[in-house]
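K.L.:
Show me how the following folds:
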Amino acid sequence: MELLFVMLFGVAAGLAARYALPWRTQHGSMLVPAIGTIASAVVWLGLTWLGWAWDGGWIWVVSIAASVVISVGLDLLIGAVRNSRDAAMLTALGA
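P.N.:
Predicted structure coming up:
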């Protein structure tokens, strides 16, 4: 049940990153929220496998913080790469 809750926080982090950052027109509407969800779930599972207690506070903090950092980082990376590749393709098509 806690995994579901941490994944919901990951969706919220991804949605916040999508609408707060400038590259939202460069990718699909659910890509960054999906990245946030997957990141929070993977970090949560990794920490539980390492023996962190699910009822402890640090597992929540680390999982949610990781989903925020990963969502923001990948949103900026995907947007910048997509923008530069689109510009290169437009230049190649115009030549």
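
K.L.:
Of all the residues in whichever helix in the chain runs longest, which ones are buried?
P.N.:
Criterion DSSP state H: the longest helix present in the chain is helix 57-94. By 16 or more other Cβ atoms under 10 Å, the buried positions in helix 57-94 come out as 59-60, 62-64, 66-68, 70-72, 74-75, 78-79. C-beta coordinates here come from the backbone N, C-alpha and C atoms, glycine included.

K.L.:
give me the low-pLDDT residue ranges for this structure?
P.N.:
95 (pLDDT under 70).

K.L.:
Closest to the centroid, which residue in it?
P.N.:
With distances taken as Cα atoms, centre = their mean, residue 71 lies nearest the centre of the chain, 2.4 Å away.

K.L.:
That one and residue 36 touch, don't they?
P.N.:
Yes. Between residue 71 and residue 36 there is a contact under Cβ atoms under 8 Å: 4.1 Å.

K.L.:
Which neighbours do these two have in common?
P.N.:
Both residue 71 and residue 36 are contacted by 10, 13, 14, 17, under the criterion Cβ atoms under 8 Å, 6 or more residues apart in numbering.

K.L.:
Quick one: mark the members of those residues that sit in strands.
P.N.:
Per DSSP state E, strands hold no members of those.

K.L.:
I'd like the residues you listed laid out as CSV, including distance to residue 2 and neighbour count.
P.N.:
Formatted as CSV, the shared contacts of residue 71 and residue 36 follow (distance: Cβ to Cβ, whole Å; neighbours: other Cβ atoms under 10 Å):
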residue, distance to residue 2, neighbour count
10, 13, 29
13, 16, 26
14, 19, 28
17, 22, 24
